[in-house]
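Chemist: let's see this in three dimensions:
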Amino acid sequence: MRIAFLGTPGFALPTLEMLAGSGHTIAVFTQPDRPVGRHEKLTPPPVKTFALQHGIPVYQFERIRSEDGINALASFAPDLMVTAAFGQLLSQANLDIPKHGCINVHGSLLPRYRGAAPIQWAVINGEKETGITTMLTDIGMDTGDILLQQATTILPDETAGELYDRLAVMGAEVLKSTLHALEAGTITRIKQDESAATKCPMLKKEHGKIDFLRTAEQVHNLVRGVNPWPGAYAFWNGEPVKIWKTARTALANPGLPNGTCTGDAKQGLFVQCSDGLLEILELQAPGGKRMDGKTFLRGKPLSGAVLQ
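Modeler: Just a heads-up that it's a prediction; the model follows:
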């Protein structure tokens, strides 16, 4: 079978690796190389790097919906199209090309968390469970018929980055099962329940700003959900401080204003939220290195300060 694979970031890699070893003829369609890092070095998407290393043809388009993108897909003449975190919307002209349609590997249990950042928002919102859905892509945003789903528990202190890596591997496994079931004719398409659908926006830098009027649990979930990007932060003396890791505690100090820090280099660093204290396990001052809260307090008089 000829499969056009559309994907871009690391999330798509396990799926591409699985397809590359499946005996099918693969072509990769991905986004253009982008500037990365402080020096803005032009860097290829992870799937391009893998494809070139394994002799898989690569096509890059700013807009796959363009005439050139449509023509390139049509020239490959795929039997099936597979997408995983591609990062672009497909047109009906794109979807009409493959004989057997397009399967999307999505990082949530649809119809919940349709959109661009389902993994991060599930963690931010304190969900206990998420998973992978394979679906038949239609013209809507993650609205197509469900093919297979597999659920997994979100661990209490798991970051979005850690969950992202787990779901990437799970996505390849679920797609493999989906392809086998389709070939065997044993799969049942399930219409999505629109009444249960939720959407999640694209993650932006400002989503990492901490509001200490929220509960300790909510702040803890935000810190986990925006790690590694964009990272949670608050302001101290007008300067942003990144907060990378926190821990829930049973400690409370009712008289302490929200956002006020307390503790010492022996006990640790804590910050007051609306319902109690949250321990800051790892943080980073502007221009500094990431360090644990106790070490940070040895060099910075943060106890008594107010984070905003």
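Chemist: quick one: stretch 143-156 to chain centroid distance?
Modeler: Counting by Cα atoms, centre = their mean, to the nearest Å, stretch 143-156 is centred 14 Å from the centre of its parent chain.
Chemist: buried residues of that stretch, list them for me.
Modeler: Within stretch 143-156, the residues scored as buried using 16 or more other Cβ atoms under 10 Å are 143-144, 146-149, 154. For every residue, glycine as well, the C-beta is placed using N, CA and C.
Chemist: show me what it is in contact with.
Modeler: Applying Cβ atoms under 8 Å, 6 or more residues apart in numbering, the contact partners of stretch 143-156 are 103-104, 109-111, 114, 122-123, 127-138, 162-163, 166-167, 170, 173-174, 177-178, 181-182, 187, 189-192, 197.
Chemist: among the residues you listed, which are in strands?
Modeler: 103-104, 114, 129-136 (DSSP state E).
Chemist: mind giving me the PyMOL select for those, buried ones only?
Modeler: To isolate the buried ones among these in PyMOL, judged by 16+ other Cβ under 10 Å, type:
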select buried, resi 103+104+114+130+131+132+133+134+135
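Chemist: what about the helices in the protein?
Modeler: For the chain, the helices defined by DSSP state H cover 13-20, 46-53, 67-76, 92-95, 118-124, 160-184, 216-225, 293-299.
Chemist: just the angle for the first one relative to helix 46-53, thanks.
Modeler: Read that as helix 13-20. 30 degrees (axes from the mean of the first three to the mean of the last three Cα atoms, to 10 degrees).
Chemist: who are the packing partners of helix 13-20?
Modeler: Here helix 13-20 touches strand 2-7, strand 25-30, helix 46-53, strand 80-84, helix 160-184, going by 3 or more Cβ pairs under 8 Å, 6 or more residues apart in numbering; DSSP states H and E.
Chemist: give the buried residues for it.
Modeler: 13-16, 18-20.
Chemist: format the helices and strands packed on helix 13-20 as a markdown table; extra columns: mean pLDDT, mean neighbour count and distance to K245.
Modeler: Below are the helices and strands packed on helix 13-20 laid out as a markdown table (pLDDT from 0 to 100; neighbours: other Cβ atoms under 10 Å; distance: least, Cβ to Cβ, whole Å):
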| stretch | mean pLDDT | mean neighbour count | distance to K245 |
| --- | --- | --- | --- |
| strand 2-7 | 98 | 24 | 30 |
| strand 25-30 | 98 | 23 | 33 |
| helix 46-53 | 97 | 18 | 25 |
| strand 80-84 | 98 | 25 | 29 |
| helix 160-184 | 97 | 18 | 12 |
